[in-house]
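Trainee: the following comprises the amino acid sequence and a computationally predicted model.
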Amino acid sequence: MAKITIFDTTLRDGEQSPGFSMNMEEKLQMAFQLAALNVDVLEAGFPASSPGDFESVRAIAKKVHGPVICGLARMTEGDIRAAGEAIKAAKKRRIHVFISTSDIHMKYKLRKTRKEVLEMSSAGVALATKFTKDVEFSCEDATRSEPEFMYEVVTAAIKAGATTINLPDTVGYTVPDEYGRLMDGFFSNVPNIRDAIISVHCHNDLGLGVANSVSAIMHGARQVECTVNGIGERAGNASLEEIVMAIKTRGDFMRHTTGVRTKEIYKTSKLLSSLTGIPVQPNKAIVGANAFAHEAGIHQDGVLKRRETYEIMTPQSIGLSQNKMVLGKHSGRHAFSARMAELGFRLSKAQLDVAFKRFKDLADKKKEVFDDDLEAVIGDDIAGPSRTYTLVYFHTTTGNSTVPTATVKLEKNGEVHMSAANGDGPIDALYNAIDKITGVKGRLANYQVRAVTGDKDAVGEVTVQVEFDLRGRSKGGSKNGANRASARGRAASTDTVEASTLAYISALNRVLAERRTT
Ligand code: KIV
Ligand code: ZN
């Protein structure tokens, strides 16, 4: 039985995909939970890509203990130094350097010859070893690269000090047999391959990310790169929970193990959805709402007679318990904070004060408060940026023969500002009134509402993506000096109009906070 190293890249490859961006506080929350999940390596970000990413990696390296903390770098001196600096505080640290080895990438993207790529690889790895002895080298687009050229590059990279060799299926192009054979080729043709471990990193463009990863393991790969809920570029990366549970459930065949605490899987998946506001599809393997639900009569009958008739793993093995009522109107602060910690939230005293008040307000309106309600009502501004504007009051009128109007009061720096506007509907009117107060015009790029739990008193969760035009503000410009900035906001309430208002304000606060730090 070999132990497979689980390399989590949720906060790097996952986070860089559209809609999944997180701020530093959110990344820290996620990183603490990944440590609780016991991943071996945590790729915390790409430090040279932005000052925000650099600071997030640095904060994770300082505060999160357990996994090896890894920073990504292109094969340039600036990137490698930035990664080395960002991970410095971690006890166990890794630099992950990458360069393309396929002809198409070298010719059109890098505009480099094979000789140049070979030289850059050796030099980059050698520089990275000045910051840590744990250096990973990736041949980007490996599955479309000529194997003979990769053998040469990888031999040189190992000689320069690389201890892990990653062969990514960057564009999700390979198929399981072919990928397995690629692994075999490295074992037979790279003389020093036993001085490093082979890693795989699969994208899911053809839906084969997990299958390809499993095939590579069967052919000798000992590290798998993956993300929670399978998030990542385009169709995503191979999903961590699927790989881990495949190895656990089919240990009889695969004869490998991982160090992952599988009982933390469900909580980790939920935390990611709640931080990003992007729900998991119901039929998603392992963590989808239907993954352990049996609908067909014959199946239900079988499971009732003997669970194993239709269940190959238990819900308990991923930490899934019944969606039970945990707290009510009489629950105290202690019980509330303990439950939040169990759900994976690490809240400061000030954050807990806000969250507890929201919970009490909800418990006054809703008889039964479920875990899902708690996660939704906590909102994305608890772990998120400081709030510039706070909602004090709103009022709307609407009807099928009246012009929808709204009045809003927002508080900023102890002062209350009020405005009124009309619109196509009550929410449009509310957003117009907010825009009038803030002087920032928002365009709604996406608006989603969902009922968190069942019944008529269910909490409604609203997620918005708003593009703000910051030209109306005195210190014009947002991130990178641009006048436009896009942000996600999410909020929940038993009143969906209120949730819509709070979600919009949350997106606005996010943009304003980001603007202050860039
Ligand atoms: O998909 C890819 O090739 C990557 C590399 C940076 C490892 O994400
Ligand atoms: Zn990738």
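Mentor: All right, it came through fine. Ligands and ions are numbered 1, 2, ... in the order given.

Trainee: what sits up against stretch 417-437?
Mentor: 389, 394, 396-398, 403-411, 441-442, 444, 447, 497, 500-501, 504-505, 508 (CB atoms under 8 Å, 6 or more residues apart in numbering). (Glycine included, C-beta is placed from N, CA and C.)

Trainee: just the buried ones from those residues?
Mentor: Buried members of those, scored by 16 or more other CB atoms under 10 Å, are 389, 394, 396, 404-410, 441-442, 497, 500-501, 504-505, 508.

Trainee: out of the residues you listed, which touch ligand 1?
Mentor: Among those, not one lies near ligand 1 by CB under 6 Å from any ligand atom.

Trainee: which of the residues you listed fall in helices?
Mentor: 497, 500, 501, 504, 505, 508 (DSSP state H).

Trainee: any idea which helix or strand comes after the helix or strand of the chain with the lowest mean pLDDT?
Mentor: Every helix and strand of the chain was ranked by mean pLDDT, DSSP states H and E. The lowest is strand 325-327, at a mean of 66. As assigned by DSSP states H and E, the chain's next helix or strand after strand 325-327 is helix 333-342.

Trainee: which elements pack onto that following helix?
Mentor: Helices and strands touching helix 333-342, by 3 or more CB pairs under 8 Å, 6 or more residues apart in numbering; DSSP states H and E, are strand 325-327, helix 349-365, helix 371-377.

Trainee: closest one to residue 294 among those?
Mentor: Set against residue 294 and scored by CB to CB, these come closest in helix 371-377, at 20.6 Å.

Trainee: gap between residue 433 and ligand 1?
Mentor: For residue 433, the distance to ligand 1 equals 44 Å [CB to the nearest ligand atom, to the nearest Å].

Trainee: which strand or helix spans that residue?
Mentor: Residue 433 belongs to helix 426-438, assigned by DSSP H and E.

Trainee: inside strands: which ones of the contacts of stretch 417-437?
Mentor: Among the contacts of stretch 417-437, the ones falling in strands (DSSP state E) are 394, 396-397, 405-411, 441-442, 444, 447.

Trainee: tell me which two of those residues sit farthest apart.
Mentor: Greatest spatial distance among the ones in strands among the contacts of stretch 417-437 (CB to CB): 411 and 447, at 24.5 Å.

Trainee: now do the strands in the stretch 101-250 of the chain.
Mentor: Taking DSSP state E, counting those that start in this stretch as the criterion, the stretch 101-250 of the chain carries its strands at 135-140, 164-169, 197-202, 223-226.

Trainee: show me what contacts residue 314?
Mentor: residue 307.

Trainee: assign the residue of the chain most remote from its centre to helix, strand or coil.
Mentor: Largest separation from the mean C-alpha position in the chain: residue 401, at 44.5 Å (CA atoms, centre = their mean). Classification of residue 401 using DSSP: H, G, I helix; E, B strand; the rest coil returns coil.

Trainee: for it, give its distance to ligand 1.
Mentor: 56 Å.

Trainee: and what of residue 59?
Mentor: Note on residue 59: its distance to ligand 1, by CB to the nearest ligand atom, is 22 Å.

Trainee: for that residue, give me its contacts.
Mentor: By CB under 8 Å, 6+ apart, the neighbours of residue 59 are 24, 27, 28.

Trainee: one more time with 7 Å
Mentor: Residues counted as contacts of residue 59 (CB atoms under 7 Å, 6 or more residues apart in numbering) are 24, 28.

Trainee: what about the helices in the stretch 101-250 of the chain?
Mentor: 103-104, 114-128, 147-160, 176-189, 209-218, 240-249 (DSSP state H, counting those that start in this stretch).

Trainee: do the longest one and ligand 1 meet at all?
Mentor: So the one you mean is helix 114-128. No: using CB under 6 Å from any ligand atom, helix 114-128 stays clear of ligand 1, coming no nearer than 13.1 Å.

Trainee: in that helix, what's buried?
Mentor: So, applying 16+ other CB under 10 Å, buried residues of helix 114-128: 117, 118, 120, 121, 122, 123, 124, 125, 126, 127, 128.

Trainee: reformat those residues as a markdown table; add distance to residue 189.
Mentor: What follows is the buried residues of helix 114-128, written out as a markdown table (distance: CB to CB, whole Å):
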| residue | distance to residue 189 |
| --- | --- |
| 117 | 18 |
| 118 | 16 |
| 120 | 22 |
| 121 | 17 |
| 122 | 18 |
| 123 | 23 |
| 124 | 22 |
| 125 | 19 |
| 126 | 23 |
| 127 | 26 |
| 128 | 24 |
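
Trainee: how much space between the nearest residue to residue 242 once chain neighbours are set aside and ligand 1?
Mentor: The shortest distance from residue 242 to any non-neighbouring residue, by CB to CB, 6 or more residues apart in numbering, is to residue 210 (4.7 Å). The gap separating residue 210 from ligand 1 is 15 Å, by CB to the nearest ligand atom.

Trainee: these two touch, right, residue 210 and residue 239?
Mentor: Yes: if you go by CB atoms under 7 Å, residue 210 and residue 239 touch, sitting 6.2 Å apart.

Trainee: which parts of the protein belong to which domain?
Mentor: 2-276, 292-323, 333-381, 384-516 (automatic domain parsing).

Trainee: what's the average pLDDT for the longest one?
Mentor: Read that as domain 2-276. If you average the pLDDT over domain 2-276, you get 97.

Trainee: kindly report the same for the third one.
Mentor: The average of the pLDDT scores along domain 333-381 is 82.

Trainee: now the terminal residues of it, how far apart.
Mentor: End-to-end distance for domain 333-381, by CA to CA, to the nearest Å: 20 Å.

Trainee: no more questions from me, cheers.
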